[in-house]
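> I would like to see how this sequence folds:
(chains A, B and C, ligands or ions: 3)
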Amino acid sequence: MSHKQVVMAGTDTRDLTKLAEYEAVGGYASLAKARTLGPEQITNELMASELRGRGGAFFPTGRKWSFVPSPEQNPNPHYLVINADESEPGSFKDNEIISRVPHRFIEGCLITAHAVLAKHVYVYIRGEYLGPYEILVAALEELKQRPDLRGDVTIVVHRGAGAYICGEETALLDSLEGKRGQPRTKPPFPAIAGLYASPTVVNNVETIATVPAIVEMGGAEYAKLGVPNSRGTRLISVSGHVERGGNYEVEPGISLKDLIFAPELGGGVPGGRAVKAVIPGGSSTVILTGDELDVGYDFDSLLAKNTAMGSAGVIVLDERVCMVQLGIRVSEFYEHESCGKCTPCREGTRWMTQILRKLEAGEATERELDLLLSVCDRINGKCLCPLGDTAAMAIASYVAKFRDEFVAHLDGGACPCGDHSPLDGVLAPVAQHIHDHASELVPA
Amino acid sequence: MGVALFEKIQEIRAIYPEGTQSALLPALRLAQEEYGWLSPDALREVADALDVTPAVCKSVASFYDQFHLEPVGEHLVEVCTNVSCALYGAQQVLEAFQDELGCRAGETSDDGKVTLSTIECLGGCGWGTIVAVDHHYRTGVKPEDAAAIVKELS
Amino acid sequence: MTDHVTLTIDERTVTVPKGTGLVETAQAAGIEIPVFCYEPRLGPPVGACRMCLVEIEGMPKLQAGCTLTAQEGMVVRTARTSPLASEGQNSTLEFILVNHPLDCPVCDKGGECPLQDLTFRYGPGNTRMTFDKRTQEKPIPLSPTIALDRERCILCYRCTRFSESVSEDNDLVPLNRGANTVIGTFEDQPYRSRFSGNVVELCPVGALTSTQYRFEARPWDIQESPSVCGLCPVGCNISATTREGKVKRIQSRNHPQIDEGWLCDKGRFTYGHLTAADRIKTPLLKGEAGFEPLEWDDALDQAETLLRAGGDTVVTAFSGTESTEQAYALGRLLRAGLGANGAVLPEEIPTALDAYRAPLSSIRDATTIVILTRDLVADRAPIVDLWVKAARRNGATILTEIPEEKLEDAVLISDNAAHAAWLAQDIDAKSAFYLPRTPNGRGVADAWSAAGDGEASNEEPRVVIVSGDDAAADPAVRALAAGADFVIGIGLFQESFEGLADLVLPATSYLERDGTTVNLEGRVQRQRRAVIAPCPDELAWISKLAERFEVEVSPHASLAFEEISGRIYGGVSFAEIGEQAPLPPAAEKGAPVPAPKPVQVPVADGLRVIRYRPLFSGPVVDRVPEVEFQKADHEVGMNPADARERGVIDGDMVTVNSRGNFHRFKARIVRDLPAGTVRLSTYAEGDLTEFVAVRK
Ligand SMILES: Cc1cc2nc3c(=O)[nH]c(=O)nc-3n(C[C@H](O)[C@H](O)[C@H](O)COP(=O)(O)O)c2cc1C
Ligand code: SF4
Ligand code: FES
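Ligands and ions are numbered 1, 2, ... in the order given. Below is the predicted model of the structure:
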């Protein structure tokens, strides 16, 4: 099967990191076209395309742009901020986009800047992405020689410094302002008061890298791809127990099973082992069991299963994986990444980990299993930002869907997976982070 | 000492709108590159160059994983142990590095050369195990690759 | 009513002005939305603690009520009527308590702790936490005056937001991330800020407590006395907590026009001077081997003899720390009884300034502020600095030079009364604040003029009365006293008068007396006796002494005030002043004020030394060891550019020298300082001349 490529188009045959190569495949033509259109027309095309944000929240992009006030309403400079913080476990698509089609991404930035009346673009790239950063900077160097393309727009690449929460858009803005990256309360939304309290549009890398294609083919044409509510293509990151881990650009609606098993996609599970579970959209989404793979990979179909595409990170877990260990590893991640601003997330994620560890040690009782669910329930829906909420939902889903396995761990019980679980051993990583500066300050 | 860093920080500062503190993260990164870690004196220098207090610098630096408030080795080996990499066997990779370096994760080798650490998802999940060697990713690392990587660094 | 909105909270309909926060709106409807992190004085809400969760019709998730404003037609349900909100608040409290030590029995906050109260009202009845709680070293000194108990901290960020957005010192910060977050300072240095003590009052739990108050009292065995601070001309409204006749702490008593509920550390932490070792409790007479105590009758005899010897040449030097009534009583005794009209008054304030009178809170809304002071505003009138900072955050322009053109919108702040009176007219300022040097210099001047008239004698004074410890420390007063035959001192501390006075009569502190003071706005405020002084009240013995000169002086502050008020304050009574004193309206603009002579600024090589009186200085501060660390006597303030030129950064040790005298100081970068100058405390080494060199 061949899949329609929009974002990654042309990469099979050419090295599109080079400006000349990119132009050779029609690159920057959309920018030229966009500049003949008014900002409103472009926004309208985006609305027609039904493009929704690829960062996780799935908000309609055209609508987001339409919230930006006119200069008469708000004379402050407008900013375009690109979210390249990609830190959701299971997601690595933005890494590949920046590394392989930096110019398409830059073209998207320039078109969007035109559409939202921004002269300043900040690309907030996670600090660990040194490789992609260098490629992007090199591409921007090339652009420096081309005022015809650049126009009067400046693009600044701003590196994060290791904090998952800075992917949340308002935390990102605080971080970009040189502060601790903690989410802000909304309202006001960034479109009204974002970076430096000015109107700001925040979009994901993939969202922006899609914009040139939409301008080129027209919104209506783009909206023919995919399925209702999930239009166009998406780069899906497939990892874990598959033969061919990688990013695959496909039209939503494809079945999850195909994503995992099709020979040109995931290529199946190594050793022919059975799929025990799949995390469908990055570690903050509700897990699916091996019996739930006959589901379309799109917003509506996944919603019907109470889960989401999120940032499109599909993690495949084979039959050997202990779900309690998975719970600890995931819970520990969120505990480590909780920014510490709001109470339920800060305290609740820590408590979840504590209970899960006791469970794994075989020292918990049924009451503590119920306590775990109750803690999840008490975090969910009470937090300042979705980090805590989704972490709690994810953990609760492991218990709900694999309750028997959790119960087997109770009262001195043992893991049905024996010691074959590939997660065995990785359960103290947070304590092994060198940046665990707090350890000195805060004795356990 | 100090003057060059001050000047470099002023250059970064000029990139961002006046009156903002946006240059803080890049400035901390610069200082860390210069001194290897963010010592109290390094933080004071950054504070001075940006017209903020050392307390603010420390507050911000201590929020982010990539800033070192304690000395680290000349080189940094960071093994991703988040879910996907763990499924590929990150633990075995980590153990191989521990054996090669003779130190545990979170510690620095005796010769002070290499600091070994686990790290949360590096964003290369499909290509695991990911090991960041001085911030450059190595993909598909297997336990048996540890020896060669350590050799490169010595 | 387009500027109002009507909404429903727990089935009650309430109408409030547009923009009113939901917490306040609920309050207006008689409903509580409980909060921890919400504190509007700290800037926009942060929505951190999640205590205020409420259900809003049409919104799927619970909302943090503190972050919302009332909207037309909104339907709000709090824990009273919404099981969801109730569950939400219960959850928040459970999470707050999972790692809270629950050491209420030994916690100073116990009994007046919002966490205790809200847990009682909204929280879980038992704990489901079975793991070891996070433990930390505790308490650790945040400074010599504040103890930090990190286990009790609920991370509401009130303290750090105060440091960031009110005092703007940015020295108290959150460190680390997530569950490891703690509050702290850079490298555990003491939290040193003129306003640090406010965080103790802001902290909703017992995480930040006062070391002075630690284990001293329980909320049910203390009394509160509403009064007014007597340590600087701002006159912050305070509440003095006493137990068994002793002051145990000073807290703010929010006067929204004066202090907005903030106090400086001098006002909050120096009440220990009341029990200073050298406190004067009985009259003292100079003898062979220093002062000797004297019976009161003998003391009054001595005083009478000395005063008669002085006759109309007696000159009285005031400190400006006296109550208006005390100054008036002395004035009556001397002016009516002896015809001694000579006085050294701490302040002379032109009445022309009364036309520019405004409440301090109006500074916050200024668009332009002209600040012409030699001392930093914060050293002279600390709270004024907070108002200026609030204005700057609101976008006000701050000018530190005399403006060339008229500035009708400008607020003028000056430490030179005559100059201010002229400049306010010249630029047509909206309001003007003169910052007196002393707490009640205005009241003392008022009292002196109300007490009588007549010219001072031209003769050399044979007797000088030194009223107050500050006057005793003033070199000019000491020089005057040196020329007199006899010196009578009135003061708190024996050391102030050693080698200066022949007879010393004990004085009361502002916390020990009833009376009034006039603050820098010109607002007459009441001070109340919180504790009994270790000596009789000044009014009592002045009244007795006055009898001997056939002058009637009331020993009661209320009657003395009535007399003064009848003469100069339009007859307002104590009752009209009330607990939160009103500000008299601005006077009509008067005749033009002549321009004062310009001051010549000398120039020479090196950096010019500006000597200043730091906030933490003076006889009261000297007697409280806990605030020693706040003193700036070992610091040199430098302009950022001057510092950079010399490779100096804040906190470095530097050598300051002039004409062969070398001294080591800690460098402090002071942004408001003009280039080419350095600031040194008047109490710092005196052998440095006016121009110095500084190097690292
Ligand atoms: C905890 C958390 C982490 C997030 N991380 C990312 C991220 O790494 N990259 C991203 O694009 N969006 C991330 N998001 C979503 C952003 O908040 C925001 O919705 C997105 O950047 C908007 O761009 P889009 O509309 O183009 O998707 C995150 C959200 C949350 C709550
Ligand atoms: S110390 Fe007190 S005021 Fe500061 S964050 Fe903790 S609980 Fe809040
Ligand atoms: S009071 Fe609303 S979140 Fe703290």
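> for stretch C:412-432, measure first residue to last.
End-to-end distance of stretch C:412-432: 4 Å, with CA to CA, to the nearest Å as the criterion.
> so for that stretch, mean pLDDT?
In this model, stretch C:412-432 has a mean pLDDT of 93.
> again, but for stretch C:319-328
97.
> count of neighbours near C:Arg335?
24 (other CB atoms under 10 Å in any protein chain shown). All C-beta spots, glycine's among them, are computed from the backbone N, C-alpha and C.
> same question for the one 4 residues further on.
C:Gly339 has 16 neighbouring residues, counting by other CB under 10 Å.
> for the closest residue to it other than its chain neighbours, give me its contacts.
The shortest distance from C:Gly339 to any non-neighbouring residue, by CB to CB, 6 or more residues apart in numbering or on different chains, is to C:Asp312 (4.2 Å). Each residue near C:Asp312 by CB atoms under 8 Å, 6 or more residues apart in numbering or on different chains is listed here: C:338-341, C:457.
> can you classify C:Asp312 as helix, strand or coil?
Assigned by DSSP: H, G, I helix; E, B strand; the rest coil, the conformation of C:Asp312 is helix.
> is chain B within reach of stretch C:678-694?
No: figure legend: stretch C:678-694 not in contact with chain B (CB under 8 Å from any CB of the partner chain); closest approach 15.9 Å.
> what sits against C:Ser558?
With CB under 8 Å, 6+ apart, C:Ser558 has these contacts: C:514, C:574.
> that one: which element?
Assigned by DSSP states H and E, C:Ser558 belongs to helix C:557-568.
> after that helix, which helix or strand is next? Please name it.
Helix C:557-568 is succeeded, C-terminally, by helix C:574-577 (DSSP H and E).
> now that next one: mean pLDDT?
Rounded mean pLDDT across helix C:574-577 is 90.
> ok, stretch B:129-147 next?
96.
> outside of it, which residues touch it?
By CB under 8 Å, 6+ apart, stretch B:129-147 touches A:128, A:130-131, B:75-80, B:85, B:88-90, B:92-93, B:95-97, B:99-100, B:119, B:122, B:124, B:127-128, B:149, B:152-153.
> how about C:Ile371, what does it touch?
C:377, C:388, C:398-400, C:413-414.
> tally of neighbours for C:Thr282?
C:Thr282 has 17 neighbours, counted by other CB under 10 Å.
> not counting sequence-adjacent ones, nearest residue to it?
C:Pro293 (4.6 Å).
> do C:Asp687 as well
C:Asn661 (4.6 Å).
> now do the phi/psi pair for the one you found.
phi -100, psi 130 (degrees, to the nearest 10).
> look up how far C:Ala693 lies from it.
11 Å (CB to CB, to the nearest Å).
> how about A:Ala197?
Separation of A:Ala197 from C:Ala693 (CB to CB): 44 Å.
> re earlier: OK, contacts around the residue nearest to C:Thr282?
C:282-285 are the contacts of C:Pro293 under CB under 8 Å, 6+ apart.
> circling back to that earlier point, can you turn the buried part of the contacts of stretch B:129-147 into a ChimeraX selection?
To isolate the buried members of the contacts of stretch B:129-147 in ChimeraX, using 16 or more other CB atoms under 10 Å in any protein chain shown:
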select /A:128,130,131 /B:75,76,77,78,79,80,85,88,89,90,92,93,95,96,97,100,119,122,124,127,128,149,153
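> and the residue nearest to C:Glu459 when sequence neighbours are not counted, what's its pLDDT?
Of all residues not flanking C:Glu459 in the chain, C:Thr313 sits nearest, at 4.7 Å (CB to CB, 6+ apart). Confidence at C:Thr313, expressed as pLDDT, is 95.
> pretty sure C:Thr313 contacts C:Glu460?
Yes: applying CB atoms under 8 Å as the test, C:Thr313 and C:Glu460 come out as touching, 6.9 Å apart.
> which of these two has more residues huddled nearby?
Each of C:Thr313 and C:Glu460 has its neighbours counted (other CB under 10 Å); C:Thr313 has more, 21 against 11.
> how close does that one get to chain A?
66 Å (CB to the nearest CB, to the nearest Å).
> off-centre distance for stretch A:406-413?
34 Å (CA atoms, centre = their mean, to the nearest Å).
> okay, buried residues for that stretch please.
For stretch A:406-413, by 16+ other CB under 10 Å, it's A:406, A:408-410.
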